[in-house]
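J.: I need the structure of the sequence given here:
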Amino acid sequence: MSESPRSTGKPAHQNVTFDSNGTPAHGYLALPPAGSGPGVIVIQEWWGLTDHIADVTDRLAAEGFVALAPDLYGGNVAHDSEEAFRMMRELPVERGVELLSGAVDHLLALPEVTSDTVGTVGFCMGGGFVLYLAAKDPRVSAAVPFYGVIQGEVPDFSGLRAQILGHYGERDETVPVPTLDGLARTIREQSGIEPDFRMYPADHAFFNDGRPEVYDADSAQKAWTATTNFLHSTIK
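T.: Numbers count the residues shown, from 1 in each chain. The predicted structure is shown next:
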């Protein structure tokens, strides 16, 4: 996770403000061409709410979803990996999940959202938060972690209601492949849900087309097609 983000030097993307557990929060909201659709939460990498995350949010909207990317860093975007690591560590998991649950509140209250549950898609740090949020919030019906980094303790999945589709790179040293077997077993034993973890011949952050040193177009396209199909079939 050492390379710089796509939007180095740019502020976080924000176009909406909402209440999150009594405090103001911000994010980037994109509506589908039809004006309404199922809700999806997009969760940022450790860099912040960058061009890449806003682009993913727009792409999900183009696929028919009402997509909201909450800004977990309050307007800040990391300029290098050292700063990104510091910002990630300064965001306690509990606080991140609290902010994300507030985003779920906001999304489901929008008249444009046609679903009673939401999907979640997250990358790197955000992929870990996908699992933390799904484990705690039963309103999440579809969870899609891309090379998700779990910080600290593995969440308690006994309250999990979401189906899980995960995308991981075989050459990703940040999320070693052997650890996924244990994670899948924990999810299965605690919730009865069988996660679908898919492997790609790629590195960490293979979906991020703003980082040509790791981007893998074929793997990214396969993961994207699987993700949109999964979200359409699972979010109700």
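
J.: which residues in this structure form strands?
T.: Under the criterion DSSP state E, the chain contains strands at 16-20, 23-30, 37-43, 66-70, 113-123, 140-146, 163-169, 196-200.

J.: surely Gln190 touches Leu160?
T.: Yes. Assessed by C-beta atoms under 8 Å, Gln190 is found in contact with Leu160 at 7.2 Å. Glycine gets a C-beta too; all of them are placed from N, C-alpha and C.

J.: how near is Ala103 to Phe18?
T.: Note on Ala103: its distance to Phe18, by C-beta to C-beta, to the nearest Å, is 7 Å.

J.: need the residues touching each of the two.
T.: Ala25, Gly27 (C-beta atoms under 8 Å, 6 or more residues apart in numbering).

J.: neighbour count for those two, which is higher?
T.: For Ala103 versus Phe18, neighbours defined as other C-beta atoms under 10 Å are more numerous around Ala103 (28 against 18).

J.: so what's that one closest to, chain neighbours aside?
T.: Pro70 (4.1 Å; C-beta to C-beta, 6 or more residues apart in numbering).

J.: buried residues, the lowest-mean-pLDDT helix or strand in the chain. List them.
T.: Sorted by mean pLDDT, DSSP states H and E, the helices and strands of the chain end with strand 16-20, the least confident at a mean of 89. Using 16 or more other C-beta atoms under 10 Å as the test for burial, strand 16-20 gives Val16, Phe18, Ser20.

J.: export those to CSV and tack on distance to Val118?
T.: Listed next are the buried residues of strand 16-20 as CSV, based on distance: C-beta to C-beta, whole Å:
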residue, distance to Val118
Val16, 15
Phe18, 14
Ser20, 15
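
J.: closest one of the residues you listed to Ser219?
T.: Nearest to Ser219 out of the buried residues of strand 16-20 is Val16 (C-beta to C-beta; 31.4 Å).

J.: what about the closest residue to the closest one other than its chain neighbours, how many residues nearby?
T.: Of all residues not flanking Val16 in the chain, Leu29 sits nearest, at 4.4 Å (C-beta to C-beta, 6+ apart). When counting by other C-beta under 10 Å, one arrives at 20 neighbours for Leu29.

J.: which strand residues bridge Leu29?
T.: Here Leu29 sits in beta bridges with Leu68, going by DSSP bridges.

J.: for the one 10 residues further on, same thing?
T.: In this structure, Gly39 has beta-bridge partners Val66, Val118, where bridges are defined by DSSP bridges.

J.: hang on, the earlier thing: for Pro138, see how far away the residue nearest to Val16 is.
T.: For Leu29 relative to Pro138 (C-beta to C-beta), the value is 23 Å.

J.: swap in Phe18?
T.: In terms of C-beta to C-beta, Phe18 sits 21 Å off from Pro138.

J.: do Glu82 as well
T.: Between Glu82 and Pro138 the computed distance is 37 Å (C-beta to C-beta).

J.: swap in Asp55?
T.: Following C-beta to C-beta, the distance that separates Asp55 from Pro138 is 30 Å.

J.: could you find the closest non-adjacent residue to the spatially most central residue of the chain?
T.: Central residue of the chain (C-alpha atoms, centre = their mean): Gly122, 1.4 Å from the mean position. Leaving aside its chain neighbours, Gly122 sits nearest to Ile43 (3.2 Å; criterion: C-beta to C-beta, 6+ apart).
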